[in-house]
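In: Let's see this in three dimensions:
(3 chains)
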Amino acid sequence: MREITYAESVREAMSQVMRADEDVFILGEDIGIYGGAFGVTNGMLDEFGPERVRTTPISEAAITGCAIGAAMTGMRPILELQFSDFITIATDQIVNQAAKLRYMYGGKASVPVVIRTPAGSGAGLAAQHSQSLEAWMAHIPGLKVIQPSTPSDAKGLLKAAIEDNNPVMFYEHKLLYGMKGDVAEDSYTIPIGVADVKKEGTDLTVVATSIMVHKTLEAAEELGKENIHIEVIDPRTLVPLDEETIIKSVLKTRRALVVTEAVKRGGYGAEIASMIGESEAFDFLDAPVSRLGGVDTPMPYNPTLEKMAVPQVGDIVQKVREMLNRA
Amino acid sequence: MTGKKTKGSQDITPEKKVEMLEQMIVIRHFEQKVEQMFMQGKIHGTMHLCTGQEATAVGAIGALEAKDKITSTHRGHGHCIAKGSDIGRMLAELLAKETGYCKGKGGSMHIADLDLGNLGANGIVAGGHPLATGAALTSKMKKLGYVVICFFGDGASNEGSFHESLNLAAVWDLPVIFFCENNEYAMSGPIKEMINIEHISQRASSYGMPGVTINGSDVLEVYEATKEAAERARSGQGPTLIEAKTYRFKGHSRADARKYRTREEEKEWITKKDPIALFKKSLIDEGVLSEEKAQAIEDQVQSFVEKAQGFAENSPEPSPESLQEDVYA
Amino acid sequence: MAVEILMPKMGATMESGTIIRWFAEEGEAVEAGQMLLEIQTDKVNIEIEAEAGGILLKKVYVHDDEVPVQEVIGYIGKEGEEIPAGKTAESNQTISSGTSEGSPVMPDLTKEQIDIDERSIRRTPAARHEAQKQHVSLRDVFGSGPEGRIHLQDVQDYVLQQQSSVPRVTPLANKIAQDHAIALDEVSGSGVQGKVKKQDVQDYMQKGSRIDAIPSLDQLISSTESVEEVKVEGMRKIIGERMVQSVQSAPHVTLVSEVDMSEIIRLRKALLPIIEQRTVYRLSYTEIILKSVAMSLREHPDVNASLQDNVIRRYTDVHVGLAVAVENGLYVPVVRHADRKGLCELTTICKTLAQAAREGKLTNEQISGGTFTISNLGMYAVDAFTPIINQPESAILGLGRITEKPVGIEGNVVLRPIMSLSLSFDHRVMDGVPAAAFLTALKQKLEQPFQLLI
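Out: Coordinates of the predicted model:
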């Protein structure tokens, strides 16, 4: 196996599928000669041409709806939404159209569209380009929501998303694009809805999403020195959520912490936490199920403040200690 | 008809004309039945009747080929009927029955029949524009040769997705016809107070596509304008914006006291610009239709609609298990 | 046939409409599509067109009438046509569901009690789970978490500590206790870490050999050291009201009889290890007396009766309630079909119910349906008392302590363990004779427990 970056891995997944399936194409703002705002589609124009690597006007509502209309009529579009913050403009098309059409048309339509979009803070882009809004989409029946945290997961999950017959929201993380990892060269899929135990442990389960998986793994290293062994679970898919893997882990460790970058209030972390509270794991909990999430503020530009606004390794270490009465 | 260049109403066969009139009458009777059943409490929720707008649906869709597609609106019963939908299944949908087009889970605003190329009615104003654009993109990329009509009302022309979609369709030369049924009121809002231009069709020029305003009460004029736009689209010359001036004889939805317009204005349209009365008269004048034949059609349609009602009323309710069916493919 | 004009349903939320005005008079000709009347809905005023042409035959409702949707508001038809008989409005009166029968014993206090009981202890679900499994009271466990929250580890530590501190009794004390059939866990130890010594057992015996009764009654005695004002509410209030009602409505007569408990003590001693081995619970006098009472009740249904609404009901099923004291009150959990159960089963049931009562976990079912009640004050220096009937039952048995008393037997005065039975009965339900007969039968069973085999 070789090491490639997360961005390369996303590109490789798309390219491999596009080589095999004529119906798959990508559209989005500046994805052609420019290669996309984060360079994810670099070079794809050369290989696939402007028909299949379609640069669009800056028109999120129309291009999103257009992708949905194309999906309804036999294509399998991948839409790159330049920043996940711009989903506000495309929301009607995603929420009221893509998610609903199949159900309200009595099961006749299917909408095999993937909306790839970078989320998250840490790049100094301030309030309108740094949000983690995945909970909005996870709330909508009819959508699937994926948040891969590693290059290898990104590749396998993206292929699964493209092959899925439902609208899939695929949240990438800006800071992960440059992260390297082992990725198999073949085209492969990772099934949607299967969580991954990133690290086994006995004392406490941390369910972390996206970049928080890596911060939690770092925290685990530090806690290991104190003889605290946490288990780190990456749901990878928010909808559908692999509840079983999470509950099984909590039954073992009796303590659960959910870590997300998104603002804590009303975030998907709350969904995971309450799912645990409602499960058979409840009777075996030995501490309140807790959450770490973003601070209740728009993302600040100042780098120090920006770091303070989302959970960091130290916050996770401290929270775990508290939950184990070892603070 | 394919392959033959049709220009003007003179090229439409008498049979086709009678067929179009018949379709218009079906729409009128269907809407009357819907209204009656709604008042009887048999239909719940809401409904938006297109009574008075029969010519736009029948004229525009009449100009299409079978493989062509449409997107419709909340006021979409006419489009469905003109595209060939089964009125029994439509009524069953309004009665929320399992045999309805959406298995009773969509209702009046969401009737779709993908097999017939009806990509569905849409409850979101201007919700269909991007979808129609996307369907046209499929036609272009897969070289399927179909065109898409996107029906919408005057109110939708002020939505962002209208403008975004017109631009996108124009820059990509997509085979789509944006068909505005300007019935003068966006719910209660008079269109004159909602836009600061004379015609909605003027907006086409901003996006580099042709725009025309036509008489929406004249089914043959609608037919011709659409035919021309369809040919443009099919030959790769991109989209057209058609604005058909029409009028809804009834309120926005049933609970509408219509305080925003006068009874005199309504009477003017109903007595002078009823598309069915006008078309019938012209066909009789032309000698294509006799009074007797016209009455026979009315009677036939009446029993056709009664039969549909029987089918709908005798259909089963959806099963409780169906609640969560079809959320995901 | 005349066409009905219906109050139209204009929307999902519309339930009725008000007629503002009719545009036509009765007898007037109307055309289809003509404006017929104007109505007001919750949203709008709206004009209604005539669906059919003809004569407006009848206005069923006039202006200002509020009419439910789909109700006929008028008829259109041919001149002189008959109008169908008017629809009768369907009565919307809901049939009230049968009032629930008054529960014979303490009503739904459980919930309230729970809140002030063990559940108010801060503990994690895992700790509670473990405590239940290990039969550990969370009151005894030290919580190491924030604000004293008890975690799983705390319970586990406690259990370990308990196990390591066994034995908690000196060999001599143990022997004395065994000889006297004294449950060691009821003896408070004065040694290190509560170790029970000889003196402790002797002190315990001196306090009067006690009926191994339903525990926790000592909590009933409140402090009298200073004046404390306690508002009468909750369970206290309900008990008070019920007692007043019982005393005021039922003429109480209390019969007292003394019983020689020698045989019962022997019986208990013999059965104790057997039952303990089978059930892990220790047989008390309570269960043996309960069994005897139940069997006597079966023979004397006059006493196993209730009075409600001027009807006396005599029961063939015997469900005996046991008064269990808890903080600030008492519960009466019911042992169903007590006459048909063996001592193993009764022991298990009584211990479980008593435990549930103390934990405030009794279900409504467990505290209802009794036909007779036993109230035991034998662990105190009480010889006899006048128990108050737990209505709608009609009799209650009070148990006093067992003390050695001189008794004349065959011309000799000997010391025998004597316990008094106090039977209160409702004179409206029965007279003295049947009550006395029951008490006599019970006394015989307790003095000759082999009768229980019959």
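In: Break down the stretch 101-250 of chain B into its strands, ranges please.
Out: In the stretch 101-250 of chain B, the strands defined using DSSP state E, counting those that start in this stretch lie at B:148-153, B:176-182, B:185-186, B:189-190, B:211-215, B:240-245.
In: Please apply the same query to the stretch 151-300 of chain A.
Out: With DSSP E, counting those that start in this stretch as the criterion, the stretch 151-300 of chain A has strands spanning A:168-173, A:180-183, A:196-199, A:204-208, A:230-234, A:237-239, A:256-263, A:290-294.
In: Tell me the strands beside the first one, with direction?
Out: In the sheet containing strand A:168-173, its partner strands are strand A:114-119 (parallel), strand A:144-146 (parallel), by DSSP bridges.
In: what does the last one contact?
Out: Counting by CB atoms under 8 Å, 6 or more residues apart in numbering or on different chains, strand A:144-146 makes contact with A:134, A:137-138, A:157, A:161, A:164, A:166-171, A:192, A:236-240, B:328, all of which sit outside it. For the C-beta atoms, the positions are set from N, CA and C on the backbone; glycine is no exception.
In: List only buried entries from the residues you listed.
Out: The neighbour-count test (16 or more other CB atoms under 10 Å in any protein chain shown) applied to these identifies A:134, A:137-138, A:157, A:161, A:164, A:166-171, A:192, A:236-239, B:328 as buried.
In: quick revisit: now the strands of the stretch 101-250 of chain B in CSV, with distance to B:E292?
Out: Formatted as CSV, the strands of the stretch 101-250 of chain B follow (distance: least, CB to CB, whole Å):
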stretch, distance to B:E292
strand B:148-153, 34
strand B:176-182, 33
strand B:185-186, 38
strand B:189-190, 42
strand B:211-215, 29
strand B:240-245, 31
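In: right, so of these, which gets closest to chain C?
Out: strand B:185-186 (15.7 Å; CB to the nearest CB).
In: Please convert the strands paired with strand A:168-173 to JSON lines, extending it with mean neighbour count and mean pLDDT.
Out: JSON lines is the format used below for the strands paired with strand A:168-173 (neighbours: other CB atoms under 10 Å in any protein chain shown; pLDDT from 0 to 100):
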{"stretch": "strand A:114-119", "mean neighbour count": "26", "mean pLDDT": "98"}
{"stretch": "strand A:144-146", "mean neighbour count": "25", "mean pLDDT": "98"}
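In: I'd like the ones you listed as CSV, with distance to C:V196 appended.
Out: Shown next, in CSV, are those (distance: least, CB to CB, whole Å):
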stretch, distance to C:V196
strand A:114-119, 67
strand A:144-146, 64
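In: so how far is chain A from the residue lying closest to B:E181 once chain neighbours are set aside?
Out: Distances taken as CB to CB, 6 or more residues apart in numbering or on different chains put B:T56 closest to B:E181, at 4.8 Å, once the chain neighbours are dropped. Distance of B:T56 to chain A, given as CB to the nearest CB, to the nearest Å: 22 Å.
In: Check the secondary structure at B:T56 for me.
Out: helix (DSSP: H, G, I helix; E, B strand; the rest coil).
In: Count the residues that sit near it.
Out: Residues near B:T56, counting by other CB atoms under 10 Å in any protein chain shown, number 31.
In: can you check the one 4 residues further on too?
Out: By the other CB under 10 Å criterion, the neighbourhood of B:A60 contains 29 residues.
In: Quick check: it touching B:C150?
Out: No - using CB atoms under 8 Å, B:A60 is not in contact with B:C150, being 10.6 Å away.
In: shared neighbours of those two, which are they?
Out: B:I177, B:F179.
In: Give me the phi and psi angles of A:M137.
Out: phi -80, psi -30 (degrees, to the nearest 10).
In: how about it, what does it touch?
Out: A:I87, A:I94, A:V95, A:L143, A:V145, A:M169, A:V239.
In: between those residues, which is nearest chain C?
Out: Closest to chain C, out of all of these and judged by CB to the nearest CB, is A:V95, at 23.0 Å.
In: per-residue confidence at C:S144?
Out: Note for C:S144: predicted pLDDT of 88.
In: And it, how far from chain A?
Out: From C:S144 to chain A the distance is 6 Å (CB to the nearest CB).
In: Surely that residue and C:V155 touch.
Out: No - if you go by CB under 8 Å, C:S144 and C:V155 don't touch, sitting 10.6 Å apart.
In: the more surrounded of the two?
Out: C:V155 (28 against 13).
In: ok, now which ones touch the nearest residue to the more buried one once chain neighbours are set aside?
Out: Take C:V155 and drop its neighbours on the chain: the residue closest to it by CB to CB, 6+ apart is C:E130, 4.4 Å away. Applying CB under 8 Å, 6+ apart, one finds that C:E130 lies in contact with C:V136, C:L152, C:V155, C:Q156.
In: would you say C:E130 is within a helix?
Out: Yes - the assignment for C:E130 is a helix, going by three-state DSSP.
In: And the residue nearest to B:G251 when sequence neighbours are not counted, what's its pLDDT?
Out: Distances taken as CB to CB, 6+ apart put B:R258 closest to B:G251, at 5.0 Å, once the chain neighbours are dropped. At B:R258, the model reports a pLDDT of 91.
In: Could you tell me how far B:R258 is located from chain A?
Out: 28 Å.
In: swap in B:F279?
Out: B:F279 is 32 Å from chain A, by CB to the nearest CB.
In: host element of that residue?
Out: Using DSSP states H and E, B:F279 sits in helix B:275-286.
In: what does chain C put close to chain B?
Out: C:6, C:8-12, C:14, C:41, C:43-47, C:51, C:69-70 (CB under 8 Å from any CB of the partner chain).
In: which of the residues you listed are buried?
Out: Counted by 16+ other CB under 10 Å, the residues of chain C next to chain B give C:L6, C:P8, C:K9, C:M10, C:G11, C:M14, C:T41, C:I46, C:E47, C:E51, C:V69, C:Q70 as buried.
In: Show only the entries of those residues found in helices.
Out: Among those, none falls in helices (DSSP state H).
In: got CSV for the residues you listed, with distance to A:L223 too?
Out: Output for those, formatted as CSV (distance: CB to CB, whole Å):
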residue, distance to A:L223
C:L6, 73
C:P8, 69
C:K9, 65
C:M10, 65
C:G11, 60
C:M14, 62
C:T41, 65
C:I46, 69
C:E47, 75
C:E51, 77
C:V69, 66
C:Q70, 68
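In: between those, which is closest to B:A312?
Out: C:K9 (17.4 Å; CB to CB).
In: Can you check the pLDDT for the closest one?
Out: For C:K9, pLDDT reads 82.
In: give me every residue that touches it.
Out: Per CB under 8 Å, 6+ apart, neighbours of C:K9: B:F38, B:M39, B:Q40, B:G41, B:H44, C:V69, C:Q70.
In: where does the chain have low pLDDT?
Out: Chain wasn't specified; assuming chain A. Of all residues in chain A, none has pLDDT under 70.
In: That was the other one, I meant chain C.
Out: C:43, C:85-119, C:164-168, C:185, C:191-195, C:207-226.
In: now what about stretch A:173-189, what contacts it?
Out: By CB under 8 Å, 6+ apart, the list of residues contacting stretch A:173-189 reads A:1-9, A:12-13, A:16-17, A:20, A:38-40, A:118-120, A:122-123, A:125, A:147, A:149-152, A:154-157, A:159-160, A:163, A:210-211, A:214.
In: again, 6 Å this time
Out: Stretch A:173-189 has contacts (CB atoms under 6 Å, 6 or more residues apart in numbering or on different chains) with A:1, A:3-7, A:9, A:16, A:38, A:118, A:120, A:122-123, A:150-152, A:155-156, A:159-160, A:210-211.
In: what's the answer for stretch B:266-274, then?
Out: Contacts of stretch B:266-274 (CB under 6 Å, 6+ apart): B:S217, B:Y247, B:F249.
In: If we use 10 Å, what do you get?
Out: B:28, B:51-52, B:54-55, B:183-184, B:215-218, B:245-250, B:258, B:261-263, B:277-278, B:280-281, C:33 (CB atoms under 10 Å, 6 or more residues apart in numbering or on different chains).
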